[in-house]
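In: take this sequence and fold it.
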Amino acid sequence: MKRIIKTALAAACLATASTSWAAAPAASTDKTPFKIGLILPMTGPFASTGKQINTAVELFTKQNGDTVDGRKVQVILRDDGGLQPENTKRIAQEMVVQDKVNVLAGFGLTPLAFAAAPVATQAKVPMIVMSAATSSIVKKSPYIVRTSLTLPQVTAPLADWAAKTAKIKTVITFVTDYAPGHDAEKVFVHEFTKNGGKILESIRVPLQNPDFAPYLQRVKDAKPDAMFVFVPSGPGSELMKQFKDKGLAKAGIRLIGDGDVLDDDLLPHMGDEVAGIVTSHHYSAAHDSPENKAYVAAFEKFDGNKYRPNFMSVGGYDGMHLIYAALKKAGPTATGDQLLAAMKGMHWESPRGPISIDPQTRDIIQNVYLRRAEKINGQYWNVEFKTFHDVKDPGVPD
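Out: This next block holds a predicted model:
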């Protein structure tokens, strides 16, 4: 489906939306819209990812208008269902050939980003990865720029903390069996064992329709000090329910993990089984900054207080910031190569904290936070208690 973002009122209530994109010394004479092809899983098991990113994209355009330096900006949203890479590739090809998009964006999961990468390369169109988190994604095309995260980036600090500060001695890693899970597993094992910890077993669970119960029983029988978890955004609530039902916490087994398992979008609907769980991530809806407080308030108001913004949302919000800023810097008639050059090295204050685009790797540099699930005014929030500043993707050990 196509959606032209309508001109909206300036969002004076939001500190992060103070940039004037439309003001320019010279207006564009190009009458064709600047088109952003947004490919997201709006249906299927990962629809929450698409919902969060799309809402953030719409919020950004409401706050900043639909014009940059006199050129109209048009967002074309297509649903790829989130599970079939060939479908994502086909949609990307159609957007480039038929819709003549200037930028591709979105990409909920790693296999989908991998599939679209050759299309971006051939067309010389910047491809903004707003969600997928495998370390190697940016290497798949010289036109990829990432505004989300990498799993190694958020995993390494947690592994270091678990061994050195939490004094956890034995761990079972428990990850979804696809590229981001493999990244998280390898990085955690490398960092944890380097600091004296012992891995008792590494368990991988299916990406589609996983039944966690038999795998959790294996963890319970092995009696580790802790279980390190990575599951993509969505299945975390079911995993937490089964973790409780299987009695792992009562057996003295701690759960630690990357932030997806306690996704801010799902956390309000989880029970007391999440109390005290420590995760590491680059964003929390509880992040204590003026920019984030304003962002959360605007996001919730924009969507009628249906749900909190999560880490996927800031990937979309900052992705739009990057596109608008690059278009303003490079000029309203910029080519794909000129836009890409403008994006490299950009930095700004995001709702998540300070971020920048590494000019060499085109990957994101950002803070990583350790968070503890705490109940505040009757709801659980991921409350940050330690910050690792300006973290680059460390890559995946051999």
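
In: please enumerate the helices of the stretch 201-350 of the chain.
Out: Assigned by DSSP state H, counting those that start in this stretch, the helices in the stretch 201-350 of the chain fall at 213-222, 236-245, 290-302, 311-330, 336-343.

In: tabulate those helices in TSV, adding columns for mean neighbour count.
Out: (Each C-beta comes from the backbone N, C-alpha and C, glycine too.) Converted to TSV, those look like this (neighbours: other C-beta atoms under 10 Å):
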stretch	mean neighbour count
helix 213-222	15
helix 236-245	18
helix 290-302	18
helix 311-330	25
helix 336-343	19
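
In: least confident of the ones you listed, on average?
Out: Among those, helix 236-245 has the lowest mean pLDDT, at a mean of 92.

In: thinking again about what came up before, how about the helices of the stretch 201-350 of the chain, which one is nearest residue 80?
Out: Closest approach to residue 80 among those is made by helix 311-330 (15.0 Å; C-beta to C-beta).

In: alpha carbons of that closest one, as PDB, please.
Out: Coordinates of each C-alpha in helix 311-330 appear next as PDB, following Å, rounded to 0.1, in the frame of the first residue of the first chain:
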ATOM      1  CA  PHE A 311      13.700  -0.100  20.900                       C
ATOM      2  CA  MET A 312      12.300  -0.800  17.500                       C
ATOM      3  CA  SER A 313      10.500   2.500  17.500                       C
ATOM      4  CA  VAL A 314      13.700   4.600  18.100                       C
ATOM      5  CA  GLY A 315      15.400   2.700  15.200                       C
ATOM      6  CA  GLY A 316      12.600   4.000  12.900                       C
ATOM      7  CA  TYR A 317      12.500   7.500  14.500                       C
ATOM      8  CA  ASP A 318      16.300   8.000  14.200                       C
ATOM      9  CA  GLY A 319      16.200   6.400  10.700                       C
ATOM     10  CA  MET A 320      13.900   9.200   9.600                       C
ATOM     11  CA  HIS A 321      16.100  11.800  11.300                       C
ATOM     12  CA  LEU A 322      19.100  10.500   9.400                       C
ATOM     13  CA  ILE A 323      17.300  10.600   6.100                       C
ATOM     14  CA  TYR A 324      16.000  14.100   6.600                       C
ATOM     15  CA  ALA A 325      19.300  15.400   7.800                       C
ATOM     16  CA  ALA A 326      21.200  13.800   4.900                       C
ATOM     17  CA  LEU A 327      18.700  15.300   2.400                       C
ATOM     18  CA  LYS A 328      19.100  18.700   3.900                       C
ATOM     19  CA  LYS A 329      22.900  18.400   4.000                       C
ATOM     20  CA  ALA A 330      23.300  17.000   0.500                       C
END
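
In: list the helices and strands that helix packs on?
Out: In terms of contacts (3 or more C-beta pairs under 8 Å, 6 or more residues apart in numbering; DSSP states H and E), helix 311-330 is packed against helix 47-64, strand 67-68, strand 71-79, strand 103-106, strand 127-129, helix 290-302, helix 336-343, strand 347-350.

In: between the ones you listed, which one is closest to residue 221.
Out: The closest of the helices and strands packed on helix 311-330 to residue 221 is helix 47-64. By C-beta to C-beta, the value is 32.3 Å.

In: residue 146 is nearest to which of the helices and strands packed on helix 311-330?
Out: Using C-beta to C-beta as the measure, strand 127-129 is the one of the helices and strands packed on helix 311-330 that comes nearest residue 146, at 4.5 Å.

In: next SSE downstream of the closest one?
Out: Remark: after strand 127-129, the chain's next helix or strand is strand 144-146, criterion DSSP states H and E.

In: which strands and helices lie in contact with whichever helix or strand comes after that following strand?
Out: Next along the chain after strand 144-146, taking DSSP H and E as the criterion, comes helix 151-164. Using 3+ C-beta pairs under 8 Å, 6+ apart, the elements in contact with helix 151-164 are helix 179-194, strand 226-230, strand 254-258, strand 278-281, strand 364-376, strand 379-391.

In: list the buried residues for the longest one?
Out: It stands for helix 179-194. When neighbours are counted by 16 or more other C-beta atoms under 10 Å, the buried residues of helix 179-194 are found to be 179-192.

In: adding pLDDT and distance to residue 370, write those out as JSON lines.
Out: Conversion of the buried residues of helix 179-194 to JSON lines gives the following (pLDDT from 0 to 100; distance: C-beta to C-beta, whole Å):
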{"residue": "179", "pLDDT": "91", "distance to residue 370": "24"}
{"residue": "180", "pLDDT": "91", "distance to residue 370": "20"}
{"residue": "181", "pLDDT": "94", "distance to residue 370": "20"}
{"residue": "182", "pLDDT": "96", "distance to residue 370": "23"}
{"residue": "183", "pLDDT": "96", "distance to residue 370": "19"}
{"residue": "184", "pLDDT": "97", "distance to residue 370": "16"}
{"residue": "185", "pLDDT": "98", "distance to residue 370": "19"}
{"residue": "186", "pLDDT": "97", "distance to residue 370": "20"}
{"residue": "187", "pLDDT": "98", "distance to residue 370": "16"}
{"residue": "188", "pLDDT": "98", "distance to residue 370": "14"}
{"residue": "189", "pLDDT": "98", "distance to residue 370": "19"}
{"residue": "190", "pLDDT": "98", "distance to residue 370": "19"}
{"residue": "191", "pLDDT": "97", "distance to residue 370": "14"}
{"residue": "192", "pLDDT": "98", "distance to residue 370": "15"}
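
In: thanks a lot, catch you later.
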